[in-house]
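K.L.:
Using only what follows, build the 3D model:
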Amino acid sequence: MKTISALSVLLMLALSITILNAQELSGELDKDYKQLKDKSETFNMYKVIKEQTLNEFWNSVITRVNELESSRDEAMATIGALETTLVAKEALIAERDAEISNINADMTQLSYLGIPFEKDFFKYMVSIIVLALLAAMIFMVFRTRMVVGEATQKNRAFDALEQEFESYKRNALDKQLKLGRELQDHKNLLAELDRT
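P.N.:
Numbering: from 1, shown residues only. Just a heads-up that it's a prediction; the model follows:
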């Protein structure tokens, strides 16, 4: 941008110099014309100008026009060179703008598994996945606690049932032994009664 403004300033400077040169030449021609008129003689309301003076004035006009054209040609050459430089600078600026847009695209995009994503979209997607995994983990922790609690409760119930069964077995065994002794006592008593 600085080069474009510098080139435009140079272009305006070249044009203003050309215009000033033209105004100077025009001022000099006016001065020479007034001198020509003042030096000429008057005859019946007509101005009589010497041919040599007229030729000098004409040569002066031609010389000044040639100088003006030369100055104009130089200015046009300068303008052409400045325009060429301006076009080159504009192409450079367009190339840099393209590079900047590529850099901006690289800064805002991300490729994951060969799939291009906008960085903001990728952040949201990863955040949602992390939150979903966190929710699943919390669910699994609570579910595991429930299962462990149920298993503990069932183990306690099983232990209580097993103790009750062991108690029943001991009682049944004691009863069986007691009944077996009583039966043996009755058999012994019957055998003694039979012997007597």
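K.L.:
Excluding sequence neighbours, find me the nearest residue to the residue nearest the centre of the chain.
P.N.:
The centre of the chain sits closest to Thr108, judged by Cα atoms, centre = their mean, with a distance of 3.3 Å. Counting by Cβ to Cβ, 6 or more residues apart in numbering, the nearest residue to Thr108 once its immediate chain neighbours are dropped is Lys119, at 5.7 Å. Any C-beta I mention is one placed from the backbone N, CA and C, and that applies to glycine too.
K.L.:
And the pLDDT for the one you found?
P.N.:
The per-residue pLDDT reported for Lys119 equals 81.
K.L.:
Tell me how many other residues crowd it.
P.N.:
Residues lying near Lys119 (other Cβ atoms under 10 Å) number 11.
K.L.:
my guess is it contacts Ser111, does it?
P.N.:
No: between Lys119 and Ser111 there is no contact under Cβ atoms under 8 Å: 10.8 Å.
K.L.:
Where does Arg145 sit: helix, strand or coil?
P.N.:
Of the three states, Arg145 takes helix under DSSP: H, G, I helix; E, B strand; the rest coil.
K.L.:
pLDDT score for it?
P.N.:
Looking at Arg145, the pLDDT reads 94.
K.L.:
Which other helices and strands does the helix or strand harbouring Ile79 contact?
P.N.:
Take DSSP states H and E as the rule and Ile79 turns out to sit in helix 51-108. Judged by 3 or more Cβ pairs under 8 Å, 6 or more residues apart in numbering; DSSP states H and E, the packing partners of helix 51-108 are helix 2-39, helix 119-195.
K.L.:
So which of those helices is the most surrounded?
P.N.:
Of all the helices and strands packed on helix 51-108, helix 2-39 carries the top mean neighbour count, a mean of 13, counting by mean count of other Cβ atoms under 10 Å.
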